[in-house]
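Asks: I'd like to go over a predicted model; first the sequence, then the structure.
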Amino acid sequence: MTKVLITDRAWPDLEIERAVIEGAGFELVAGPATALPAPEIARLAAEHRPAAIMTCWAEVNAEAMRACPNLRIVARIGVGLDNIDRAAAADRGAVVTNVPDYCVEEVSDHAVGLLLDWARGITSFDRAVKAGRWDPAQAELRRVRDLVVGIAGFGRIGRKTAQKLAAFGVKLLVFDMVAVGETGIAVEQVELGELVERCDVVVIHLPLTPGTHHLFDAGLIGRMKPGSMLINVSRGGLVDNAALLDALDRGAIAMAGLDVIDGEPTPPAAITGHPRVIATPHVAFSSTASLIELRRRAAEEVVRVLRGEPPHHPCPPP
């Protein structure tokens, strides 16, 4: 029977995946829930020799693909593709897919939530009150309407974030590699350097590629407006941890809101424990509704390809 290997997952069971895959007449085999290192993923692939690999966080590299002589698809159970060697998949004639739009609402909600948390001091005051300090006189809060917010990466999620923030009356600057065109939202498109210099809040919605790794380095973070906030709800590798820590320690920027951190799932304690950091464990994508949609649609892409049908969301090599 044709096998489908799911390498890892961020949910407790495989009921949805099994219903779709095995309901279509294929066999589902699974690695452990927690993502294994790349050599172990290659070992799993060699053991099962699947025609399809589904991956959440685990790296699927050329070695893993070489172990699958009949590989036809590598499906990302998510949006980002930085953990899949797309060039190696193309060399083997396998399609790579993702689910690019399942969590647009959730990630944009999370970005807005982090901004509001900082502007209104919610997390910092909660920590203080729980520690026995009731001192409203120390409040240095911000009127959200007066903020200039920059969005780096103006795809589906960036546009949705802009739409939600526009309702607060903020001024919106955006950066993208292509012209943004008509959006129905009042935005000003600028270069990235100008964006970080002018904005009170910078929200990262960029993909992680070799060209964007540590894009927010000491040079770019050093150009950020004094007292500003950096929000990253995309990929940890976009931000250089050392540069961010230095800026936070010096007070050059006021706060970082991070759902993703370079080094996760064991990010540096100096980042997660920093008093100027609001951190969540890569959950911006998550809701009951989004996870059901994600799991079902990722599995359905696998079934389509194994049946000889075209996928809905093919991802060509970079």
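Replies: Here it is on my side, so go on. Just so you know, these numbers come straight off a predicted model, no measurement behind them.
Asks: ranges for the strands of the stretch 1-150 of the chain?
Replies: With DSSP state E, counting those that start in this stretch, the ranges of strands along the stretch 1-150 of the chain come out as 3-6, 27-30, 52-55, 73-76, 95-97, 148-152.
Asks: with mean pLDDT and mean neighbour count added, can I get these in CSV?
Replies: Using the backbone N, CA and C atoms, a C-beta is placed for each residue, glycine as well. Converted to CSV, those look like this (pLDDT from 0 to 100; neighbours: other Cβ atoms under 10 Å):
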stretch, mean pLDDT, mean neighbour count
strand 3-6, 98, 25
strand 27-30, 98, 16
strand 52-55, 98, 28
strand 73-76, 98, 27
strand 95-97, 98, 24
strand 148-152, 98, 26
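Asks: put together CSV for those, with distance to Asp176 on each row.
Replies: Converted to CSV, these look like this (distance: least, Cβ to Cβ, whole Å):
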stretch, distance to Asp176
strand 3-6, 33
strand 27-30, 38
strand 52-55, 27
strand 73-76, 22
strand 95-97, 23
strand 148-152, 8
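Asks: tell me which of these approaches Arg43 most closely.
Replies: Comparison of these against Arg43 by Cβ to Cβ identifies strand 3-6 as nearest, at 11.4 Å.
Asks: can you list the strands that the closest one pairs with?
Replies: strand 27-30 (parallel), strand 52-55 (parallel) (DSSP bridges).
Asks: show me where the stretch 1-150 of the chain has helices.
Replies: Using DSSP state H, counting those that start in this stretch, the helices of the stretch 1-150 of the chain run over residues 15-23, 38-48, 62-66, 86-91, 104-120, 122-130.
Asks: which strands and helices lie in contact with the shortest one?
Replies: I take that to be helix 62-66. Applying 3 or more Cβ pairs under 8 Å, 6 or more residues apart in numbering; DSSP states H and E, one finds that helix 62-66 contacts helix 38-48, helix 86-91.
Asks: would JSON lines of those with mean pLDDT be doable?
Replies: Below are those laid out as JSON lines (pLDDT from 0 to 100):
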{"stretch": "helix 38-48", "mean pLDDT": "97"}
{"stretch": "helix 86-91", "mean pLDDT": "97"}
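Asks: export these as TSV, with columns for distance to Ile231 and mean neighbour count.
Replies: As requested, the helices and strands packed on helix 62-66 are exported to TSV (distance: least, Cβ to Cβ, whole Å; neighbours: other Cβ atoms under 10 Å):
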stretch	distance to Ile231	mean neighbour count
helix 38-48	30	18
helix 86-91	28	17
